[in-house]
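[1] no FASTA, just this:
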């Protein structure tokens, strides 16, 4: 589905453009700023553009974006944000190692060059899996 990513000094967000314009994910952007962003999108979005075929994904699971705040992965028709705060292993990793992600089994993601294993549950609810150091 058509969507856009918004980046600013405060954080980042994702908005669905279809079937209607709505916030999909937010990472640290204040509500006041989100309201302004949504007004800008509505003022400038051309729904006729959404009918154009711009491309298609070539893999079932892929890193769709890397920003200063984290990594976005696209898998099974959904996009998930992995913040560097919750997933610090990615913060200083080279891009070529971050984009090399595999899904060896359903809901299990593996970055072989970084030796990182994550389940979809860990990605959706990082607060349930606190980092521990010894």
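    Received it, and whenever you're ready, just let me know what you need. Computed from a predicted structure; not experimentally measured. Residues are numbered from 1 along each chain as shown.

[2] if you drop the residues flanking it in sequence, what lies closest to the most centrally placed residue in the chain?
    Geometric centre of the chain, nearest residue: residue 72, 2.8 Å, by CA atoms, centre = their mean. Residue nearest to residue 72 in three dimensions, not counting chain neighbours: residue 65, with 4.1 Å by CB to CB, 6 or more residues apart in numbering. (C-beta placed from N, C-alpha, C; glycine too.)

[3] who's in contact with the one you found?
    Neighbouring residues of residue 65 by CB atoms under 8 Å, 6 or more residues apart in numbering: 5, 71, 72.

[4] now the first one: closest residue in space, sequence neighbours ignored.
    Yep, that's residue 5 we're talking about. residue 14 (5.4 Å).

[5] check which helix or strand covers the one you found.
    In the assignment (DSSP states H and E), residue 14 maps to strand 11-16.

[6] after that strand, which helix or strand is next? Please name it.
    Next element after strand 11-16 (DSSP H and E): strand 22-27.

[7] run through who's touching that following strand.
    3, 11-16, 34, 38, 69-70, 79, 81, 83.

[8] buried set for the helix or strand encompassing residue 109?
    Using DSSP H and E, residue 109 sits in strand 108-111. Using 16 or more other CB atoms under 10 Å as the test for burial, strand 108-111 gives 109, 110, 111.

[9] circling back: could you dump the contacts of strand 22-27 to a markdown table with neighbour count and pLDDT?
    Listed next are the contacts of strand 22-27 as a markdown table, based on neighbours: other CB atoms under 10 Å; pLDDT from 0 to 100:
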| residue | neighbour count | pLDDT |
| --- | --- | --- |
| 3 | 15 | 84 |
| 11 | 19 | 90 |
| 12 | 21 | 91 |
| 13 | 22 | 92 |
| 14 | 17 | 91 |
| 15 | 20 | 91 |
| 16 | 15 | 89 |
| 34 | 17 | 94 |
| 38 | 16 | 92 |
| 69 | 18 | 95 |
| 70 | 21 | 95 |
| 79 | 16 | 92 |
| 81 | 22 | 95 |
| 83 | 18 | 95 |
